[in-house]
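**Student:** just coords:
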């Protein structure tokens, strides 16, 4: 049972390039989330998907898009990367009943 | 606006000493409250959670937290800290039905031998 799997774990981009972070969970959870973690700022919610077919903006959605491909997968896309998007990105899922978030190991993104 | 405040950025304690990490929240509805721990280079792991009922909740690794509605606080405590507790700790808040969880900025714990 892998839990929440994120790919890639590390990525270096140049300003203006695009990329997609992939996230998959095998726990049959309804809700999925993307957070970014920056020093001194904790985790900030980018987007979330309460259930398959729905997505909503979090605290810092600008510059990002998401797709809830199916119940298992929730991807985060940077269309035109900027240095301000250098961060560690975490995907999480939530079965809703218990409220607990289950996190992936993170994806470290550097934008030059 | 919903918010979570962890006023202590860094805390240093000696091994064996007691620990209290502070968390204050601002939320319109009855909150769900969580504490997570993050070891270096790792994801976050749930320590404990409060939904309703007994305001003193027990978690893993000997941690406990107390929900105080009048103070809008959910402080994390441990009677005797171990060197392996050195990590970053995050308080988080959510509400039933919104499925939106907001985190504090974290408290980094250092343990002296």
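**Tutor:** That came through fine. On a predicted model such as this, the values are computed, not experimentally measured, just so you know. Numbering: from 1, shown residues only, chains lettered A, B, ... in the order given.

**Student:** The most centrally placed residue in chain A: what's it in contact with?
**Tutor:** With distances taken as Cα atoms, centre = their mean, residue A:34 lies nearest the centre of chain A, 2.9 Å away. Contacts for residue A:34 (Cβ atoms under 8 Å, 6 or more residues apart in numbering or on different chains) come out as A:21, A:23, A:45-48, A:58, A:64, A:66, A:74, A:76, A:89-92. (C-beta placed from N, C-alpha, C; glycine too.)

**Student:** now residue B:103
**Tutor:** Counted by Cβ under 8 Å, 6+ apart, residue B:103 has contacts A:35, A:42-45, B:4, B:36, B:90-92.

**Student:** Quick check, central residue of chain B?
**Tutor:** What sits nearest the mean C-alpha location of chain B, by Cα atoms, centre = their mean, is residue B:35, with 3.5 Å.

**Student:** Grab the nearest non-local neighbour of that residue.
**Tutor:** residue B:47 (4.4 Å; Cβ to Cβ, 6 or more residues apart in numbering or on different chains).

**Student:** Can you give me the distance of that neighbour to residue B:88?
**Tutor:** The spacing between residue B:47 and residue B:88, counted by Cβ to Cβ, to the nearest Å, is 12 Å.

**Student:** Between the two, which contacts overlap?
**Tutor:** Counting by Cβ under 8 Å, 6+ apart, the contacts common to residue B:47 and residue B:88 are residue B:37.

**Student:** Just want to know which of these two has more residues nearby.
**Tutor:** For residue B:47 versus residue B:88, the count of surrounding residues by other Cβ atoms under 10 Å in any protein chain shown is larger for residue B:47: 23 against 19.

**Student:** Assumed the more buried one was part of a strand.
**Tutor:** Yes: per DSSP: H, G, I helix; E, B strand; the rest coil, residue B:47 lies within a strand segment.

**Student:** these two touch, right, it and residue B:38?
**Tutor:** No: between residue B:47 and residue B:38 no contact is recorded; they are 10.5 Å apart, counting by Cβ atoms under 8 Å.

**Student:** which neighbours do the two share?
**Tutor:** Residues touching both residue B:47 and residue B:38 (Cβ under 8 Å, 6+ apart): residue B:89.

**Student:** Okay, the residue nearest to residue B:35 and chain A: tell me how far apart.
**Tutor:** 11 Å (Cβ to the nearest Cβ, to the nearest Å).

**Student:** before we move on, the earlier item: return a PyMOL selection command for the buried portion of the contacts of residue A:34.
**Tutor:** Buried subset of the contacts of residue A:34, written as a PyMOL selection, criterion 16 or more other Cβ atoms under 10 Å in any protein chain shown:
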select buried, chain A and resi 21+23+45+46+47+48+58+64+66+74+76+89+90+91+92
